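Q: here is the input, now give the coordinates:
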Amino acid sequence: VEEIDEILKFEEVGITKRAFIIILLIGILSLIGIRTNLILYGSTTVIAPDMLLIYALVSILPSAFSRTPHYKIISPLKILLSNEAVYTIPTPYDVYNASKWVHQVFNTSGDFTLILKLRPAPQAVLDAIESKAYKLYEWGQAFDKLKTITRSKRYYTIAERRFKSKERLYIGKAVLISPERAILDQLTEIMQQLNMRFGSTLIKSYVEDIMYGYSSNPKSRDESLFYTYDLIPLSPLTIIPPKEVIGGIVLGEDEYGREVCIDFTKLPNFHGIILGSTGSGKSTLARSLILDLQEQGINSLIIDPLGEYCKLMELIGGIVLDMSTNIIDPLELHGLKPESRAESIAWACSLIFGLMPVQRDILKETIIKMYERREYFTLKEVLEELEKDYGTEVRDLVARIKTAFSLFSSPNTSISEILSELKPITLVYKSPDGTILSEEVSKFVTWMVLDQIYSYMMKEGIVHRPKIAVFIDEGHRLLRLPGEQSIIVRLYRETRKFGFSIITITQVPTDIPTILYELAGFIVVLTGPERYVRSLMSVLRIPEDVAEWLAFNSIGCGAVIRYGDPRPRCVKLRIREEALKTSR
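A: You can find the predicted model right below:
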């Protein structure tokens with residue numbers, strides 16, 4: 001809905017109706033004259049109908065001589081459907097009659113303007129209504145179209161000003177001028193759905209209690225004027241920000257000065273995503289989260305290819321493991337069947353190194369046969385077994401996987417030993433000569449680590465509280481794989497019940513499987529150039545106002561999206577000092 005006349009049409013009271021009013025007025029005056037003559041010169045006394053004639057005269061006089069054009073609603077309202085949760089009261093309430101304001105409709109330069117005069121409501125009313133308003137978005141099915149109009153923008157801007165300046169909320173009454181009965185019935189239905197109520201009826205002016213915004217009027221201390229071209233009087237509490245979650249990790253403060261938190265114990269799942277362009281502070285935020293989690297008794301394991309977290313480990317007494325010297329055994333089963341482990345390794349090689357289906361099957365069968373023949377063997381020995389076959393397909397297979405498999409020639413640690421440590425641990429990727437591993441090999445090492453974590457968690461069993469948070473830095477390099485067969489998708493789908501939180505840190509939103517955004521319990525988006533923010537909108541469907549916040553604010557700001565809550569929170573992040581000190 002773009003224009004107001006698509007929802008409501010107004011019809012000016014025409015000349016014919018004005019003539020009828022004047023004729024009716026003449027008739028009433030004539031009757032009053034006759035009755036007055038009978039009372040003065042006859043034996044008749046004043047009776048109740050005489051008072052009704054005087055009341056009718058007083059009611060009609062303003063309409064007969066007013067120069068202000070009157071309008072009435074002549075088309076039904078079409079504002080009930082929505083596919084988005086919006087903020088209103090989920091339970092009925094009764095607004096006191098303590099505050100009063102008048103709602104009139106004027107025609108100004110071809111546009112319809114609503115002029116509202118408001119008075120402050122008692123604080124008791126505000127407290128009672130706001131306490132219920134904080135249950136907001138659970139109701140959530142009526143206002144998508146009204147929100148569109150709200151964004152069109154006069155009301156929306158004033159609503160933001162009202163909260164930033166800590167101005168008070170107001171309650172009041174709206175008067176609709178002589179709506180038709182069918183329209184009145186529809187309005188009644190809307191009021192019921194919005195948990196509002198109709199007030200008293202006086203002749204044909206109908207009054208309903210609603211809540212409204214506020215704009216300062218310098219002419220009066222007690223009253224205020226609000227001009228708008230939209231229909232916000234029909235949407236109570238659209239300007240009230242929902243109550244924030246209390247407890248857990250404090251990420252920062254929203255634009256209204258309230259703390260924004262992530263409570264890992266209350267989220268439907270514990271997984272997260274941190275998005276940000278180069279230099280936006282992704283790793284700094286991750287370091288701050290690691291410190292917060294440690295205070296809450298949740299340990300951290302950081303997959304850190306470039307070694308950005310080593311200084312933090314030194315500061316907090318954590319452990320740095322160089323994967324070139326501390327080699328895990330990717331073939332350890334942890335209660336898994338050999339066929340399942342072989343399948344996972346073969347799929348990893350297929351997706352990362354681009355194996356053909358026949359090559360994937362050859363690798364899988366070779367690993368299964370070695371499980372049958374030996375109790376213990378390494379990936380280097382799998383490679384040697386494959387090299388005995390001189391077929392073209394096998395030679396190509398060996399050439400693709402040789403560098404990665406050679407890294408695991410002498411495993412000397414188990415993932416169970418790493419995860420049983422009660423200190424934060426960072427895993428750094430380097431080759432034996434000290435250089436950083438290639439992107440393909442880094443992806444393979446990451447898959448092997450995550451696969452071992454997954455099987456270890458399954459062996460440990462179901463828990464109902466997060467125990468370890470696994471941070472995957474450089475996710476755009478390590479997790480960029482086609483389809484939904486990736487190990488990371490499996491981890492996001494299933495590991496929440498085993499007490500593990502997976503938090504992926506990435507630059508490019510499309511470089512990780514898009515299904516992760518649906519599975520994550522929370523997403524933190526950091527500021528960046530406008531072009532970068534626009535690329536986020538297609539993936540995360542963030543509103544225009546949030547995109548502007550991300551594009552035009554400095555480093556240290558972001559938006560938080562939490563599972564089950566469709567409304568991103570604009571946040572000024574609160575980064576711990578230790579995290580800032582250990583930034584490179």
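Q: and the one helix or strand F405 maps to, average pLDDT?
A: Using DSSP states H and E, F405 sits within helix 392-406. Averaged across helix 392-406, the pLDDT comes to 91.
Q: which other helices and strands contact that helix?
A: Judged by 3 or more C-beta pairs under 8 Å, 6 or more residues apart in numbering; DSSP states H and E, the packing partners of helix 392-406 are helix 338-353, helix 357-373, helix 379-387, helix 439-460. Yep, even glycine has a C-beta here, placed from its N, CA and C like the rest.
Q: can you tell me which of these is packed in deepest?
A: helix 439-460 (a mean of 21; mean count of other C-beta atoms under 10 Å).
Q: what mean pLDDT does that helix get?
A: For helix 439-460, the per-residue pLDDT averages 88.
Q: likewise stretch 540-559?
A: In the prediction, stretch 540-559 has an average pLDDT of 87.
Q: list the buried residues in it.
A: 540, 542-543, 546-547, 549-551, 553, 556-559 (16 or more other C-beta atoms under 10 Å).
Q: endpoint to endpoint, it covers what distance?
A: Across stretch 540-559, the terminal residues are separated by 11 Å (C-alpha to C-alpha, to the nearest Å).
Q: equivalent analysis for stretch 347-359, please.
A: Termini of stretch 347-359 sit 11 Å apart (C-alpha to C-alpha).
Q: where does the chain have low pLDDT?
A: The chain contains residues with pLDDT under 70 at 1-17, 63-245, 390, 431-434, 482-485, 566, 584.
Q: for it, what's the longest helix?
A: helix 15-41 (DSSP state H).
Q: now for that one, which elements pack on it?
A: helix 48-65.
Q: other SSEs contacting the helix it packs on?
A: By 3+ C-beta pairs under 8 Å, 6+ apart, helix 48-65 packs against helix 15-41.
Q: tell me the angle of the helix it packs on relative to helix 48-65?
A: Interaxial angle, helix 15-41 versus helix 48-65 (axes from the mean of the first three to the mean of the last three C-alpha atoms, to 10 degrees): 140 degrees.
Q: nearest to T265, of the helices and strands packed on helix 392-406?
A: Among those, helix 439-460 comes nearest to T265, with 18.1 Å by C-beta to C-beta.
Q: quick revisit: in strands, which of the buried residues of stretch 540-559 fall?
A: 557-559 (DSSP state E).
Q: hmm, S277 and T506 touching each other?
A: No. T506 lies out of contact with S277 (C-beta atoms under 8 Å); the separation is 10.5 Å.
Q: in which helix or strand would I find V533?
A: helix 530-540.
Q: now what about that helix, what contacts it?
A: 275, 277, 508-510, 514, 517, 523, 525, 527, 542, 547, 550-552, 561 (C-beta atoms under 8 Å, 6 or more residues apart in numbering).
Q: same thing but at 10 Å, please
A: 273, 275-278, 280, 507-510, 512, 514, 517, 523, 525-529, 542-544, 546-552, 559, 561, 568 (C-beta atoms under 10 Å, 6 or more residues apart in numbering).
Q: which of those fall within helices?
A: 517, 544, 546-552.
Q: as TSV, the ones in strands among the buried residues of stretch 540-559 with distance to T495 would be great.
A: Converted to TSV, these look like this (distance: C-beta to C-beta, whole Å):
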residue	distance to T495
C557	31
G558	25
A559	26
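Q: which one among those gets closest to F20?
A: A559 (58.5 Å).
Q: how about the closest one, what does it touch?
A: With C-beta under 10 Å, 6+ apart, A559 has these contacts: 254, 260, 275, 523-527, 533, 536, 540, 542-543, 546-547, 549-550, 553, 568-571.
Q: R480 and V508, how far apart?
A: Distance of R480 to V508, given as C-beta to C-beta, to the nearest Å: 8 Å.
Q: can you report how many residues lie near the closest residue to L450 other than its chain neighbours?
A: If the residues on either side of it in the chain are set aside, L450 comes closest to I487, at 4.7 Å by C-beta to C-beta, 6 or more residues apart in numbering. A count of nearby residues for I487, using other C-beta atoms under 10 Å, gives 21.
Q: just the one 3 residues further on next, same as before
A: Taking other C-beta under 10 Å as the neighbour definition, R490 ends up with a count of 15.
Q: what's the answer for V250, then?
A: Neighbour tally, V250, other C-beta under 10 Å: 14.
Q: cool, I23 as well?
A: 11.
Q: name the helix or strand for L427, please.
A: strand 425-428.
Q: could you do S300 as well?
A: Applying DSSP H and E, one finds S300 within strand 299-303.
Q: using CSV, write down the CA coordinates of the next helix or strand after that strand.
A: For strand 299-303, the following helix or strand on the C-terminal side (DSSP H and E) is helix 310-316. Extracted C-alpha coordinates of helix 310-316, given in CSV (Å, rounded to 0.1, in the frame of the first residue of the first chain):
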residue,chain,number,x,y,z
CYS,A,310,47.7,-16.1,20.1
LYS,A,311,48.1,-12.8,22.1
LEU,A,312,44.8,-13.4,23.7
MET,A,313,45.8,-16.9,24.7
GLU,A,314,49.0,-15.5,26.3
LEU,A,315,46.9,-12.9,28.2
ILE,A,316,44.4,-15.3,29.7
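Q: for helix 310-316, buried residues please.
A: Quick answer for helix 310-316 (16+ other C-beta under 10 Å): 310-313, 316.
Q: tabulate the residues you listed (CSV), appending distance to V470.
A: Below are the buried residues of helix 310-316 laid out as CSV (distance: C-beta to C-beta, whole Å):
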residue, distance to V470
C310, 17
K311, 20
L312, 16
M313, 15
I316, 17
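Q: measure T45 to G307 for me?
A: 105 Å.
Q: and the two? which has more neighbours close in?
A: A direct count of neighbours by other C-beta under 10 Å for T45 and G307 places G307 higher, at 18 against 8.
Q: quick check: chain neighbours aside, which residue is closest to the more buried one?
A: Closest to G307 by C-beta to C-beta, 6+ apart is V428, at 4.7 Å.
Q: next, count neighbours for that neighbour.
A: Neighbour tally, V428, other C-beta under 10 Å: 21.
Q: coming back round to it: looking at the ones in strands among the buried residues of stretch 540-559, spot the one nearest I367.
A: Using C-beta to C-beta, those come closest to I367 at G558, 43.7 Å.
Q: now do stretch 308-322: distance from first to last residue.
A: 13 Å.
Q: so what's the residue count around V58?
A: Neighbours around V58, by other C-beta under 10 Å: 9.
Q: for I28, see how far away it is.
A: Relative to I28, and taking C-beta to C-beta, V58 is found at 10 Å.
Q: again, but for F500
A: Distance from F500 to I28, counting by C-beta to C-beta: 82 Å.
Q: compare these two (neighbour count), which wins?
A: Neighbours around F500 and I28, counted as other C-beta under 10 Å, are more numerous at F500. The numbers are 24 against 17.
Q: my guess is the residue nearest to L450 contacts L516. True?
A: No. Using C-beta atoms under 10 Å as the test, I487 is too far from L516 to be in contact (12.0 Å).
Q: any shared contact partners between the two?
A: L479.
Q: hmm, R360 and I367 touching each other?
A: No. Using C-beta under 10 Å, I367 is not in contact with R360, being 11.1 Å away.
Q: okay, and the common contacts of these two?
A: By C-beta under 10 Å, 6+ apart, the residues touching both I367 and R360 are 343, 345-346.
Q: with those in mind, which one is nearest to E421?
A: Using C-beta to C-beta, the shared contacts of I367 and R360 come closest to E421 at I345, 25.4 Å.
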